[in-house]
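J.: Got a sequence here, can you model it:
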Amino acid sequence: MENCIFCQIVAGKSPCYKVYEDDLFLGFLDIHPGTPGHTLVIPKKHCQWVYDVPEFDKYWLVVLKITKAIQKALNPIFVTYLTYGLQVPHAHIHILPRSEKNQSEVAPLQGFLEKEKMEEIANKIYKEVKKYDQV
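T.: Sure, this is the predicted structure:
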């Protein structure tokens, strides 16, 4: 879809902090993170709802792969998922690594994380995803 920001990211017309990519899915850091490492996983093909993604099973396996990478890269105490997706009409799963400070909050962090911090977090996760791919 032309006006969809996630479709623009998939097409390379808008930048992102990529942590995962394959033929069907793309994972990248949320620019308004609820927690450090807050990741979005989207299908490359536009679908409005997560349950409309034809490869629903593969979608969740990608989410699991990214979750395992986040656990190794960021060492959260646990990870949560959200699929409400009302702000952008393109299916997306939120992966939120949780620490002692943010066990229950889902509101965006105060302000943005600096570009350098976002790049650092994305690189850590990306490297762990690549290791997981090699197993």
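J.: Next, the nearest residue to residue 117 once chain neighbours are set aside: phi, psi?
T.: Leaving aside its sequence neighbours, residue 117 sits nearest to residue 36 (Cβ to Cβ, 6 or more residues apart in numbering; 7.6 Å). C-betas here are computed from N, CA, C, even on glycine. Here is the backbone geometry of residue 36 (degrees, to the nearest 10): phi -60, psi 130.
J.: Can you name the residues that contact residue 36?
T.: Neighbour list for residue 36: 74, 97, 99, 109, 113, 117, 121 [criterion: Cβ atoms under 8 Å, 6 or more residues apart in numbering].
J.: Now intersect the residues you listed with the strands, please.
T.: Counting by DSSP state E, the contacts of residue 36 place residue 97 in strands.
J.: Nearest to residue 2 among the contacts of residue 36?
T.: Residue 2 has its nearest neighbour among the contacts of residue 36 in residue 113, at 29.2 Å by Cβ to Cβ.
J.: Pretty sure the closest one sits against residue 33.
T.: Yes: contact status for residue 113 versus residue 33: in contact at 6.3 Å, counting by Cβ atoms under 8 Å.
J.: and the least confident of the contacts of residue 36?
T.: By predicted confidence, the contacts of residue 36 are weakest at residue 109, whose pLDDT stands at 55.
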